[in-house]
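In: just to be clear, the model below is a prediction. Sequence and coordinates:
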Amino acid sequence: MRTSRTPFLATRPASPRDYLGAGAVLLVILGIGGAIAPAAGQVAGPDIDVMSGCCVAVVVCLAMVSFLLYGQWRAGRHAAIGFLAIAFGFCASMYLAFWLEYPDLVSAHGFFHIAPGRVAYFWAAGHVGTFVFMLAFAATARRVRPADRIVTIAGIATAVFTLAFFAFFVSHSADFPRLAFPQGQFTQISAHVIHPFVLGFGLVTLVVVVAATRLQRWVDVYASLFIIGLTTEAYLLAVGPEKYSLGWYGAHWEIVIASLGITIPLIRQVNVIYRQLTAENRRLARAAMVDPLTGIANRRAFDVQLERLQPNTVLLIIDIDRFKQYNDLEGHRAGDDCLRRVARALAANVLRSDDLISRYGGDEFAAVLHDIDLDDAIHVAERIRLAVEDLMIPAHEAGGRITVSIGLAAYLPGELPADLVRRADAALYRAKEDGRNRVAFDEESALETTL
């Protein structure tokens, strides 16, 4: 089973590989939580480096996820992706504030020296705000019409709120109730209000997201996985109510795993999208150079080739004799079939990969032959003329069978492409004047070759 080729995460179905990958990360998250929970209250001793490393990893991962999702929202205008980008961006900003103000991580008393025991407010605000935007994600998961204004307003309001909350809290942190004692234990408000509330809100958010999305898309699966990581983190903090306890350490490991669990697959998905878009651009570029009726190169490809002229290049302009009469008498369907058959005959006789055979326009074709002298080019032109005649396309009213007339001109160093085309056209006109079904070459080309 393969996912559909869509460049937007909002519409990319989840594949079995996505379910297996998310399931493996889920087992790790739940396994760590289940293993630590019975001994969550046991104090393991301080390790500031682990704490700091976890915070930095979470901030970097969530900021990267938010940035990539923002790019997806800008490209696809899916409201759900926009709210998800805001959710991860807000969570990253709150974890950044938590890291800056946590004692002994950046400085002994925090970067801005907030009142002791209050830093967990950033943690709580980050979780609650993330869950709120996850609910907005669930509410707009099936929305088809864009909601640019709503998402933009929500993003700006969130940025303003984040800055205002940080500034207000830094200047008034002492007015907020303490959440932790100097010895490291959580206070009653933290243990019995904040942690249970965050845990319950996370479980409700998870149920709503799963029910609304049914985990059908890639983004649904990994958004739910991240909610589980946040919820498990809150659970370990609730059962390990002391700083540097196993529950405290496990909570930070859980959020790191959850952050990596969405960052790595998202980067992989972006790489897959990039490869698909690159392949599609190449396909479109090739298609832009192909004539849809005949399957050979089109006029655009011919013009590009003509800009790269070098010495010993010969241009052939090939015209189907009396094609307008044939098309009028036999019908457009027969005319299209005639063009296709003639094009195949031309392509079969322009054998070198460096040469180009293209549809020049209407019933005219052109061939650009490189590194060839005029005599050999005339032989190629005669081979083409005979190949078309041998098709035996009946044209009773037009003279028996379909034939072509060909005009040749050799590139003269320093001349403009338009001059080369003009001389080949003049040779073609002379071939038609002399009775059609023949090859004529430009006199200037012959004179240059003789000299």
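Out: All right, it came through fine. Residues are numbered from 1 along each chain as shown.

In: hey, where'd the strands end up in this protein?
Out: Applying DSSP state E to the chain gives strands spanning 314-320, 356-361, 364-369, 394-395, 400-401, 404-410, 439-441.

In: using TSV, lay out the ones you listed together with mean pLDDT, distance to Tyr235 and mean neighbour count.
Out: For every residue, glycine as well, the C-beta is placed using N, CA and C. Formatted as TSV, these follow (pLDDT from 0 to 100; distance: least, Cβ to Cβ, whole Å; neighbours: other Cβ atoms under 10 Å):
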stretch	mean pLDDT	distance to Tyr235	mean neighbour count
strand 314-320	95	77	26
strand 356-361	92	68	22
strand 364-369	95	72	24
strand 394-395	84	84	16
strand 400-401	86	85	14
strand 404-410	95	81	27
strand 439-441	93	86	23
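
In: wait, which of these is closest to Gly155?
Out: Nearest to Gly155 among the strands of the chain is strand 356-361 (50.0 Å), distances taken as Cβ to Cβ.

In: alpha carbons only: can I get the closest one in PDB?
Out: C-alpha atoms of strand 356-361 as PDB (Å, rounded to 0.1, in the frame of the first residue of the first chain):
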ATOM      1  CA  LEU A 356      16.900  16.900 -32.500                       C
ATOM      2  CA  ILE A 357      13.700  16.200 -34.400                       C
ATOM      3  CA  SER A 358      10.800  18.500 -33.400                       C
ATOM      4  CA  ARG A 359       7.400  19.600 -34.600                       C
ATOM      5  CA  TYR A 360       8.000  23.100 -35.900                       C
ATOM      6  CA  GLY A 361       4.300  24.100 -36.300                       C
END
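
In: which helices and strands does that strand pack with?
Out: In terms of contacts (3 or more Cβ pairs under 8 Å, 6 or more residues apart in numbering; DSSP states H and E), strand 356-361 is packed against helix 299-306, helix 332-349, strand 364-369.

In: now with 10 Å, please.
Out: If contacts are counted by 3 or more Cβ pairs under 10 Å, 6 or more residues apart in numbering; DSSP states H and E, strand 356-361 sits against helix 299-306, strand 314-320, helix 332-349, strand 364-369, helix 417-433.

In: average pLDDT for the first one?
Out: This means helix 299-306. For helix 299-306, the mean pLDDT works out to 90.

In: could you export that helix as CSV, CA atoms only?
Out: In CSV, the C-alpha atoms belonging to helix 299-306 read as follows (Å, rounded to 0.1, in the frame of the first residue of the first chain):
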residue,chain,number,x,y,z
ARG,A,299,8.7,24.2,-30.9
ARG,A,300,10.0,25.3,-27.5
ALA,A,301,12.6,22.6,-27.5
PHE,A,302,13.6,23.5,-31.0
ASP,A,303,14.0,27.2,-30.0
VAL,A,304,16.2,26.1,-27.0
GLN,A,305,18.3,23.9,-29.3
LEU,A,306,18.7,26.7,-31.8
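
In: which of the residues in that helix are buried?
Out: Neighbour-count burial for helix 299-306 flags 301-302, 305-306 (criterion: 16 or more other Cβ atoms under 10 Å).

In: contacts for stretch 155-162?
Out: With contact meaning Cβ atoms under 10 Å, 6 or more residues apart in numbering, stretch 155-162 is reached by 70, 73, 82-83, 85-87, 89-90, 93-94, 96-97, 125-126, 129, 132-133.

In: how about 6 Å then?
Out: Contacts with stretch 155-162, where a contact means Cβ atoms under 6 Å, 6 or more residues apart in numbering, come from 86, 90, 93.
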